[in-house]
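K.L.:
below is the sequence, then the predicted model.
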Amino acid sequence: DAKTTQPNSMESNEEEPVHLPCNHSTISGTDYIHWYRQLPSQGPEYVIHGLTSNVNNRMASLAIAEDRKSSTLILHRATLRDAAVYYCTSRGEGAQKLVFGQGTRLTINP
Amino acid sequence: GAGVSQSPSNKVTEKGKDVELRCDPISGHTALYWYRQRLGQGLEFLIYFQGNSAPDKSGLPSDRFSAERTGGSVSTLTIQRTQQEDSAVYLCASSRGRSLTGELFFGEGSRLTVL
């Protein structure tokens, strides 16, 4: 299983952009990079995923390094509701499970 | 509802008792996963089902843990002779199938407390 490494915690201010980094140096060429987030007392929810190209959706953007050894989840304008634990995960071909690390606890200051 | 449903939402039991946790996945989702999350920790993979078969049981921590899935739908996770270390939130997720890009939809979890 590919291993991911994230900072334990990050802090940002409301309405400012947030860049959440993830290292996945052992990822294989066919592993997608998935991001999930977990709000307090809830199950994780999908945020975004990508393989090689940068990806955008209504929640966030995902910037993937050219060598695919790292990626950055970008929240363009953080709100208080974005306070959560963010997990960078990987899922390999033939390995039908997502491996979750400790995640990054994001605090948003008003 | 349309989401993954888990029951009970909370369960308090005494050490040594057996417990059953239920997961009702989204209709039509063939893949089902169980994860465990201890307090303040990340998610720990337990088992994966594709249809009724479990091709990956690698995460089950001991033979006290077992899971089954019937009719390609509802799954039950059983913990026998519970220990205090089993206290955690047990999360179930489902997805459409084998797609590499399959999004997992999680339930809200069953919180188990073993006294």
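P.N.:
Perfect, I can see it now.

K.L.:
low-confidence regions, chain B specifically.
P.N.:
Along chain B, the model assigns pLDDT under 70 to residues B:1, B:98-101.

K.L.:
just the buried residues of stretch B:6-16, please?
P.N.:
Judged by neighbour count (16 or more other C-beta atoms under 10 Å in any protein chain shown), stretch B:6-16 contains these buried residues: B:6, B:11, B:13. C-betas here are computed from N, CA, C, even on glycine.

K.L.:
over to stretch B:81-100?
P.N.:
B:82, B:86, B:87, B:88, B:89, B:90, B:91, B:92, B:93, B:94, B:95.

K.L.:
same question for stretch B:22-36.
P.N.:
Result for stretch B:22-36 [16+ other C-beta under 10 Å]: buried residues B:23, B:24, B:25, B:26, B:29, B:30, B:31, B:32, B:33, B:34, B:35, B:36.

K.L.:
cool, and stretch B:67-77?
P.N.:
Buried residues in stretch B:67-77 (16+ other C-beta under 10 Å): B:67, B:69, B:72, B:73, B:75, B:77.

K.L.:
which pair in the residues you listed spans the largest distance?
P.N.:
Longest distance between any two of those is 16.6 Å, between B:72 and B:77; criterion C-beta to C-beta.

K.L.:
for chain B, give me its nearest residue in chain A.
P.N.:
Going by C-beta to the nearest C-beta, chain B is nearest to residue A:43 of chain A, at 3.3 Å.

K.L.:
number of residues surrounding residue B:42?
P.N.:
18 (other C-beta atoms under 10 Å in any protein chain shown).

K.L.:
list the residues that contact residue 11.
P.N.:
With no chain named, the answer covers chain A. A:106, A:107, A:108, A:109 (C-beta atoms under 8 Å, 6 or more residues apart in numbering or on different chains).

K.L.:
sorry, I should have been clearer: chain B.
P.N.:
Contacts of residue B:11 (C-beta under 8 Å, 6+ apart): B:19, B:21, B:110, B:111, B:112, B:113.
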